[in-house]
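Compute the structure for the input listed below.
(one chain, ligands or ions: 1)
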Amino acid sequence: MSTASTLARVEPSPYRSQPVSFTRRGGRLTERQQAAWDALAETYVLDVPRHGPNTSVDPSYVLDQEAVFGRRAPLVVEIGSGRGEAIVHAAQQHPELDFLGLEVYVPGVAQTLVTMRHEGVTNVRLAIVNAAEVLTTMLPEGSVHELRIWFPDPWHKKRHQKRRLVTPEFAALAARVLEPGGVWRLATDWQDYADQMLEVLAGSPDFEFTGDWSERFEGRPQTRFEGKGLAVDRDIRDLRAVRRTP
Ligand SMILES: C[S@@+](CC[C@H](N)C(=O)[O-])C[C@H]1O[C@@H](n2cnc3c(N)ncnc32)[C@H](O)[C@@H]1O
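Below is the predicted model:
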C-alpha cells in the first residue's frame, strides 16, 4: 500500500504533454487525518497501478467496480472531491449507490476518510489520480451513472486557462464513461468559467443540454469552496447535461 507521504511527493512528469488542472498535492496530515488514513486507506483508497508520475494511471488498468465495492450498484463519480463534504453527504443519502471520488490532494483524501469514519459511510472509494486519465482508460465505457464536478479550480488568469478541466476534449471523455441517459452535473462560482462550461456543453454532440443554467442540485451541500465564493458575493452556477444515446 502507498503511504500518504509517498503519494504527496510531487514528481516531475516526463509523460505528460498536456498541462494538468492541479498543482497542490501535498501538505502534512493532521493527527486525526493520519489516524483515519492508517485505519481506512487500505479499504477505501484504491491502490492504482501507476504510469510515471504518482497521480497517473497505468493505461492498461481498468476498474473492476464489482470487485472494489463488493456489489453491483450504479456508479457516481465526483471529480475533485476535495475534503469530501459533498461525496460523503451524497453517499449517506444514497446507500444504494456506489461513489468514487477522484482527487489529487492527499490531505483532502485523508480528511474524507475522517468524515466517512465519523458518519459511518462505507459506499465511497477514493483514488489519488489525475481524473482525465481515469476517464480516458480506467473507467469502462458507459460505466458511470452520474458524473459530478463541484467548483473545479477556476484558473482565472488568462495565461493559466489552458489548465481548466472542462474543455471540449474533456466533454468527450465524460461522454465516453457516462451511460446513455447518464447525467453530468457541474457547479462553479466563477462566471467566466461557468460561461465556458455552458459553451462546452452546448457545443458537444454527445449531450442533451437546455443551453441554460439549471436549478441548484438539491443533493449538493455547501462546501468550503462554495462558502468562499458566497462570502464575496459571487453567483453560483449549476449546470446539468444528459448523455445522448450514441
Ligand atoms: C477548488 S477545489 C474544490 C473541491 C470540492 N469540489 C469543493 O467544492 O470543496 C478543486 C479540487 O479539484 C482537485 N483537482 C483538480 N484537478 C484535478 C484532477 N485533474 N484530478 C483530480 N482532482 C483534481 C484539486 O486538488 C482540488 O481539491
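
give the contact list for the residue lying closest to P152 once chain neighbours are set aside.
Take P152 and drop its neighbours on the chain: the residue closest to it by Cβ to Cβ, 6 or more residues apart in numbering is L165, 4.8 Å away. C-beta coordinates here come from the backbone N, C-alpha and C atoms, glycine included. Contacts for L165 were tallied using Cβ atoms under 8 Å, 6 or more residues apart in numbering; they are 21, 79-80, 131-132, 149, 152-153.

Swap in 10 Å and give it another go.
L165 makes contacts with 20-22, 79-80, 131-132, 149, 152-153, 155, 186, 193, 197, as judged by Cβ atoms under 10 Å, 6 or more residues apart in numbering.

which among the residues you listed gets closest to the ligand?
Nearest to the ligand among the contacts of L165, counting by Cβ to the nearest ligand atom, is G80 at 2.5 Å.

Not counting its neighbours along the chain, what's nearest that closest one?
Counting by Cβ to Cβ, 6+ apart, G80 lies nearest to P152, which is 5.6 Å off, once chain neighbours are set aside.

Work out which residue lies at the spatial centre of the chain.
Geometric centre of the chain, nearest residue: I79, 0.9 Å, by Cα atoms, centre = their mean.

so what pLDDT did it get?
In the prediction, the pLDDT value recorded for I79 is 98.

residues from this structure in reach of the ligand?
Where proximity means Cβ under 6 Å from any ligand atom, the interface of the chain facing the ligand comprises 20-22, 79-80, 82, 102-105, 108, 130-132, 150-153, 165, 223-225.

from those, which ones fall inside helices?
Helix and strand membership here follows DSSP state H; of these, those in helices are 108, 131-132, 224-225.

Now flag whichever of those is closest to R72.
A131 (23.5 Å; Cβ to Cβ).

What remains of the residues of the chain next to the ligand if I keep only buried residues?
With burial judged by 16 or more other Cβ atoms under 10 Å, the buried subset of these is 20-22, 79-80, 82, 102-105, 108, 130-132, 150-153, 165, 223, 225.

Perfect, I'm done here.
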